[in-house]
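Undergrad: quick one, fold the following:
(chains A and B)
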Amino acid sequence: EAQVTQNPRYLITVTGKKLTVTCSQNMNHEYMSWYRQDPGLGLRQIYYSMNVEVTDKGDVPEGYKVSRKEKRNFPLILESPSPNQTSLYFCASSPQKAAKNIQYFGAGTRLSVL
Amino acid sequence: AQSVTQLDSHVSVSEGTPVLLRCNYSSSYSPSLFWYVQHPNKGLQLLLKYTSAATLVKGINGFEAEFKKSETSFHLTKPSAHMSDAAEYFCVLNTGGFKTIFGAGTRLFVKA
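TA: From the prediction side, this is the model:
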């Protein structure tokens, strides 16, 4: 089954404790992206990747890192989480650049930073 | 600058009545526009997309949207609401590059 898989689905952590949210897609998509969803703000793009070893900042990249060492994986790293990073996170992938292609979304990761 | 504005944060309709969710956009380039739906505690699912072909776009579950360049709008409609349509809806803009811009969302309530 074609899908985007995020892990974990739920995570509670404390300020400053490094964490990684994994994202994997099995559709051989070139484009992958991370978003955060906050009430009243919709989804905001954190980082995206056009292909292996090619990443760029979205609108809200501060406090996040990403890497794209393999085509299928695009982990989101929070080196020193803070309470303002409490949010619902979505990973998405797309066959080519996102402009004319739909994005396929994971089920989401709900993160709470205490 | 590129932007998306969903004009209503909440819309409430009765089952069987029409649905109208409004979206305006701003883009310096030819836009690609999408509507996604998010049911409670679920990920996002594509409803329909506009990518410079027909201006009236039909999607899943009886939804459709009309691209109006002169009004810079891409409103989502459905002739008859069903209880299962209750969800949050997002209008999304891609501007020809790699960035994606979401509207703030419209929560649709459907009354029995």
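Undergrad: right, is stretch A:51-60 up against chain B?
TA: Yes. On the criterion CB under 8 Å from any CB of the partner chain, stretch A:51-60 is in touch with chain B at A:56, A:58, A:59. For every residue, glycine as well, the C-beta is placed using N, CA and C.
Undergrad: please flag which of these sit within strands.
TA: residue A:56 (DSSP state E).
Undergrad: now the residues of stretch A:51-60 next to chain B in CSV, with neighbour count?
TA: Shown next, in CSV, are the residues of stretch A:51-60 next to chain B (neighbours: other CB atoms under 10 Å in any protein chain shown):
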residue, neighbour count
A:56, 14
A:58, 20
A:59, 14
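Undergrad: how about low-confidence regions in chain B?
TA: Along chain B, the parts satisfying pLDDT under 70 run over B:96.
Undergrad: show me which residues of it are close to chain A?
TA: Near chain A, when you scan chain B using CB under 8 Å from any CB, you find B:6, B:9, B:32, B:34, B:36, B:42-46, B:49, B:51, B:90, B:94-105.
Undergrad: filter these down to the buried ones and hand me the ChimeraX line.
TA: In ChimeraX, this line selects whichever of those come out buried by 16 or more other CB atoms under 10 Å in any protein chain shown:
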select /B:6,32,34,36,43,44,46,49,51,90,94,95,96,98,99,100,101,102,103,104,105
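Undergrad: mark which of the residues of chain B next to chain A are part of strands, please.
TA: Per DSSP E, the residues of chain B next to chain A map to strands at B:6, B:32, B:34, B:36, B:44-46, B:49, B:90, B:94, B:100-102.
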